[in-house]
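In: Here you go, sequence then predicted model.
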Amino acid sequence: MKVSRGFEIHDSFKITNRGIVLTGTVLTNENEIEINVGEKISFQYKNEKIVRKIIGIEKVFGRPRFSNMYFNSQSIGILIECVDDGEIEKLGVWKPNKVLAELII
């Protein structure tokens, strides 16, 4: 199932003194979508719904880094704001295996 503004999470890892990066692919029914720092991402972690602010985006390939336009199936990393060190630790070892997330404007 594809959503108009989604993200398929393939992996997560911790960046010391920064937080958690969720890596995966953009899912969209459009040619390309805009994703901005400050927007939110919502996903399921075990039986818990987590909604966090996007504080950084890293492109694996595609348009120059200063563009905030992304195309379907583009691989990116999304740095999220975490509530505390405990959340960073649990999400840092999480293996999501294609968990579907929603990008919220």
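Out: Now that the structure is in, tell me what you want to look at.
In: Could you tell me which residues within stretch 89-105 count as buried?
Out: L91, G92, W94, P96, V99, L100, A101, L103 (16 or more other C-beta atoms under 10 Å). (Each C-beta comes from the backbone N, C-alpha and C, glycine too.)
In: Just those: which are in helices?
Out: L91, G92 (DSSP state H).
In: Nearest residue to F7 in space, please, no chain neighbours.
Out: Closest residue to F7 in three dimensions, ignoring its sequence neighbours and counting by C-beta to C-beta, 6 or more residues apart in numbering: A101, at 4.4 Å.
In: For I78, see how far away the one you found is.
Out: 9 Å (C-beta to C-beta, to the nearest Å).
In: can you list residues touching both of the two?
Out: The contact sets of A101 and I78 overlap at F7, L22, G24, I41 (C-beta atoms under 8 Å, 6 or more residues apart in numbering).
In: tell me, what residue is most central in this protein?
Out: The chain has I78 as the residue nearest its centroid, 3.9 Å off, counting by C-alpha atoms, centre = their mean.
In: separation between that residue and N47?
Out: Taking C-beta to C-beta, one finds I78 at 22 Å from N47.
In: before we move on, what about I35?
Out: 27 Å.
In: So which of those two has more stuff around it?
Out: I35 (21 against 5; other C-beta atoms under 10 Å).
In: What residues are bridge-paired with the spatially closest residue to the more buried one that is not a sequence neighbour?
Out: Among residues not flanking I35 along the chain, Y70 sits closest, at 5.5 Å (C-beta to C-beta, 6+ apart). On the basis of DSSP bridges, Y70 is bridged to I33.
In: Check I41 too.
Out: Per DSSP bridges, the residues bridged to I41 are R52, L103.
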